[in-house]
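Chemist: Give me a 3D structure for the following:
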Amino acid sequence: MSSWPLDAAAVWEAPIQTAATAIVVWVISVTAWRMLTARAPPSSHPLACLPIPIVGSILNLLVFFSEFRKLDKERPWDAVITIQNKVGRVFRLPFLFETAYTIVGKEGLKIGLTCKTEDGERVLGIQKHPAIVNIWGKNGLSSTEIGERRDRIKKIMHPTLAPKALQAYLEGMKKDVDAWMHDTLGNLPADGVVRVYQPIRELTMVVPTRMVLGLAAEADAYVDRTRHLLIAMWDGTAAPPIEALGGDYAKGLAARKELVPIIRELIAKRRKEQEGQSEHGIDMLSQLVRASDEQGKLTEDEIIDQVVVIFLAGYETSVSLIIVALHYLAKPEYASVLAKLREEQLKFSGELSYADLQAMTYMRNFFYECLRIFPPVQQFAKTVVKSFEFDGYTIPKGATFLYQIAATQRNSVEDPDKLIPERFEDKESPLYAPFGFTPFASNEFLCPGKGFVLLEAGLLVRRIIMEFDLAHACPEPAIKTDPIFMRPVDDQPIRFTPRAAAAPAADAN
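Modeler: Got it, this is the predicted structure:
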């Protein structure tokens, strides 16, 4: 009888023992080095953040998803607050396969949004996440470090999202909202229930597709294809960045590959249209094509990536804000908020201007309060480019740093779970303190599309509340975070009842 199995076991026994010994020595050495050279913050979980090659990364991923499953998903910030109460405001936590470091509070937000410590030393840089770089583009603002190149891109982009440009976009946005109201709520089912999440996703891609790319109304098929490609790119952003799995990430990469030639074709068309013309298109793409500064124009690749960033970053913020707004307005306990919103709208009649929408202060405060409780992104990541100390702990170079938006801003006020738009009437509120309210980021990373998002949300919410009464059709309505971005339960079924005194659709905007 052959002794091969026994011989094979004997052959492999020594290497296995050697490998096991090496791993143990590695863990002990790394732990000892950390204890001797730096004080590491406490870990959020006993099985997370272990310095064991491969095994430590796998455990991080398992703990990361396990913790999200245990949460009450309508309160995703609770995990951060619970950990803070247990171990303090500085700690390590699993972030997918990695170990991330976080500082809860305004100090953490300040470091995250300025990339600097209190003494002005720059310690953070842009996190080059594969999905952001490969799907959004390496030349976009989201992938561009602080410096002259970033300043130049922002300077050229600024006029395309300034109030004058938003006023120019307004008429087209009204038409798209009109079409959405007709298609989505114009022929209600017998029970009046519509699952609005997917239609809202589509609207918030259609509007920028027309406004950013300047696609005319007759190009519906073109708009529809572009919209689907952009939604696939967004879904790919939120997926594990492993192309071999063939999931949403791979589909997002494929969608970008198909979208880029479309934008290149439109750039060539805009350049041809602008030759010898004194008047040019008002869409963002036309403005970027002709824009320049003392260093010249943006390259074609830079234009493409800025357009993609505006689409994707603005998309998530718009969707999140609108679904949260409808979530609260459909709750009977917020009937007084709905009544005040309607009362304010009665002050405005005829054709709305951008200035009118800016003057809707209660609507703005309502949106801000929605963003306080449910910011579009709960936390954001940067890369540590230089080790620094905080509260006696070392945040090491090369690590991921997470700054906590939701856990900080929503808990800086009394009764943080209640939606109270009047909070923003008090200029002495902690929300007006530096880094007290940052759903659109701040400083160097202030979202350039803030005005666009509020304008789009304002147009749609105004139409809905003036024409319909709302009530949740889901027994337990909730907004979930799964695991980073938001989504309503069951695609947010809402029962719409036409109001007897609703203004005619043609005059609503």
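Chemist: give me the number of residues near G350?
Modeler: Neighbour count for G350, taken as other C-beta atoms under 10 Å: 8. The C-beta positions use only the backbone N, C-alpha and C, and glycine is treated the same way.
Chemist: Wasn't D119 part of a strand?
Modeler: No - the assignment for D119, made by DSSP: H, G, I helix; E, B strand; the rest coil, is coil rather than a strand.
Chemist: Can you give me the distance of it to G350?
Modeler: Using C-beta to C-beta, to the nearest Å, D119 is found at 55 Å from G350.
Chemist: With I242 instead?
Modeler: Taking C-beta to C-beta, one finds I242 at 54 Å from G350.
Chemist: And P498, by the same measure?
Modeler: Relative to G350, and taking C-beta to C-beta, P498 is found at 22 Å.
Chemist: With F95 instead?
Modeler: In terms of C-beta to C-beta, F95 sits 51 Å off from G350.
Chemist: again with P240
Modeler: Taking C-beta to C-beta, one finds P240 at 50 Å from G350.
Chemist: Help me confirm that M284 comes into contact with H158.
Modeler: No - between M284 and H158 there is no contact under C-beta atoms under 8 Å: 11.5 Å.
Chemist: For these two, indicate the residue with more neighbours.
Modeler: The neighbour count for M284 versus H158, taken as other C-beta under 10 Å, is higher for M284 (26 against 12).
Chemist: got a list of what the more buried one touches?
Modeler: Taking C-beta atoms under 8 Å, 6 or more residues apart in numbering, we find M284 in contact with 160-161, 165, 211-214, 307, 310.
Chemist: what's the closest of the residues you listed to I395?
Modeler: I310 (31.8 Å; C-beta to C-beta).
Chemist: what about that closest one, distance to M284?
Modeler: Distance from I310 to M284, by C-beta to C-beta: 7 Å.
Chemist: Next, show the common contact partners of these two.
Modeler: 161, 212.
Chemist: which stretches of the stretch 201-350 of the chain form strands?
Modeler: Taking DSSP state E, counting those that start in this stretch as the test, the strands found in the stretch 201-350 of the chain are 292-293, 296-297.
Chemist: least reliable of the ones you listed going by mean pLDDT?
Modeler: Of all these, mean pLDDT reaches its minimum on strand 292-293 (a mean of 60).
Chemist: Pull the contacting residues for the spatially closest residue to P163 that is not a sequence neighbour.
Modeler: Using C-beta to C-beta, 6 or more residues apart in numbering and skipping residues adjacent in sequence, the residue nearest P163 is Y354, 6.1 Å away. Applying C-beta under 8 Å, 6+ apart, we find Y354 in contact with 163, 166-167, 170, 455.
Chemist: Could you rerun that using 10 Å?
Modeler: 163-170, 451, 455 (C-beta atoms under 10 Å, 6 or more residues apart in numbering).
Chemist: just R201 next, same as before
Modeler: Per C-beta under 10 Å, 6+ apart, neighbours of R201: 227, 231, 234-235, 315-316, 318-319, 322-323, 487, 491.
Chemist: For my notes, please list those in TSV and give distance to V206 and neighbour count for each entry.
Modeler: Converted to TSV, the contacts of R201 look like this (distance: C-beta to C-beta, whole Å; neighbours: other C-beta atoms under 10 Å):
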residue	distance to V206	neighbour count
R227	6	21
I231	11	20
W234	14	24
D235	17	17
Y315	11	23
E316	15	19
S318	11	26
V319	12	24
I322	13	26
I323	16	22
R487	20	19
D491	18	16
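Chemist: re earlier: ok, now how distant is the residue nearest to P163 from Q167?
Modeler: 4 Å.
Chemist: again with P434
Modeler: Distance from P434 to Q167, by C-beta to C-beta: 30 Å.
Chemist: Just want to know which of these two has more residues nearby.
Modeler: Comparing P434 with Q167 by neighbour count (other C-beta under 10 Å), the higher total belongs to Q167, at 15 against 12.
Chemist: How is that one assigned, secondary-structure-wise?
Modeler: Q167 ends up helix, using three-state DSSP.
Chemist: Let me see the contact set for it.
Modeler: Q167 neighbours (C-beta under 10 Å, 6+ apart): 282, 353-355, 357, 455.
Chemist: tell me which of those residues is nearest to P421?
Modeler: L357 (16.1 Å).
Chemist: Quick check: that closest one vs R495, distance?
Modeler: Per C-beta to C-beta, L357 is found 27 Å from R495.
Chemist: Of these two, give the one with the bigger neighbour count.
Modeler: Ranked by neighbour count (other C-beta under 10 Å), L357 and R495 place L357 first, with 21 against 18.
Chemist: Okay, the more buried one and A500: tell me how far apart.
Modeler: 26 Å.
Chemist: and what of Q198?
Modeler: For Q198, the distance to A500 - C-beta to C-beta - is 29 Å.
Chemist: Same check on G247?
Modeler: From G247 over to A500 (counting by C-beta to C-beta), the distance is 48 Å.
Chemist: Which one's more surrounded, these two?
Modeler: G247 (14 against 6).
Chemist: Quick check: closest non-adjacent residue to the more buried one.
Modeler: In space, G247 is closest to A239, 5.6 Å off (C-beta to C-beta, 6+ apart).
Chemist: do the same with F64
Modeler: Per C-beta to C-beta, 6+ apart, closest to F64 is P94, 4.3 Å.
Chemist: So the one you found: helix, strand or coil?
Modeler: Per three-state DSSP, P94 ends up strand.
Chemist: In the beta-sheet assignment, what are the partners of it?
Modeler: Beta bridges link P94 to T99 when assigned by DSSP bridges.
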